[in-house]
Each structure stands twice: as structure tokens, then as C-alpha cells.
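Student: How does the following fold in three dimensions:
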Amino acid sequence: MTGDTEARAALFEAAHVMAHRVKIWSGLKASATKVAQRQGNERATVALARNMAVVMNRMWVNGTTFRFSADEAAAVAA
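Tutor: The predicted model follows:
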């Protein structure tokens, strides 16, 4: 394991909340649900945390803002 332990803990906690408490559906949550069905909730939470980190890194590099749904992204692109 590499990286800041506090950052990893914060990502894991945010992923856990998104997977188990947030009612709004998103592509990130859908992918975590598929992983949970195959490999269990803890692995799905770790996978979701990694996906969230990748999205945040791309936002930081590109200077873009987060769009929760694909519909919202399409509206911005048009």
C-alpha cells in the first residue's frame, strides 16, 4: 500500500457512504454494485474508492468540474 493513509481512509469512508447510504444512482455506484455481487461489499468499496480517486485525479489534471450523471455531461458538451 502506498500513499497517504489518511487520504486512503477518507476515500474508503466516502466510497462506503456512496455505496450504502446515497440513494441517487450513478455510474460509479452501478460499477460498485456489480463488483459487490461478484466479490463482496468490502472489495466493492475498495474498487469504488479507487474509481473515485481516478475521477478526482482526472478532474484535477483537466481542471473540470464533477458531473454526477451522463445526462448532465452530455448537456454540458452540447
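Student: Need the phi and psi values for the residue nearest to the spatial centre of the chain.
Tutor: In the chain, the C-alpha nearest the mean C-alpha coordinate belongs to M52, at 3.3 Å (C-alpha atoms, centre = their mean). The phi and psi values for M52, taken as degrees, to the nearest 10, are phi -60, psi -40.
Student: is it true that it touches E13?
Tutor: No: using C-beta atoms under 8 Å as the test, M52 is too far from E13 to be in contact (10.9 Å). Quick note: C-beta positions are derived from backbone N, CA and C, even for glycine.
Student: returning to what we had before: look up how far W25 lies from the residue nearest to the centre of the chain.
Tutor: 16 Å (C-beta to C-beta, to the nearest Å).
Student: picking that back up, so who does the residue nearest to the centre of the chain touch?
Tutor: L11, A14, A15, M18, L28 (C-beta atoms under 8 Å, 6 or more residues apart in numbering).
Student: any weak-confidence spans in this protein?
Tutor: 1, 69-78 (pLDDT under 70).
Student: Let me see the ranges of the helices in it.
Tutor: Applying DSSP state H to the chain gives helices spanning 5-20, 27-39, 41-62, 70-77.
Student: Report the inter-axis angle for the third one versus helix 27-39.
Tutor: Think helix 41-62. 150 degrees (axes from the mean of the first three to the mean of the last three C-alpha atoms, to 10 degrees).
Student: Numbering from 15 from now on, please.
Tutor: I'll keep to 15 as the first residue from here, and by that count the last item is helix 55-76.
Student: how far does helix 55-76 sit from the chain's center?
Tutor: 5 Å (C-alpha atoms, centre = their mean, to the nearest Å).
Student: and if you look at stretch 23-33?
Tutor: That offset, for stretch 23-33, works out to 8 Å (C-alpha atoms, centre = their mean).
Student: ok, residues contacting it?
Tutor: Contacts for stretch 23-33 (C-beta under 8 Å, 6+ apart): 40, 42-43, 46-47, 50, 55, 58-60, 62-64, 66-67.
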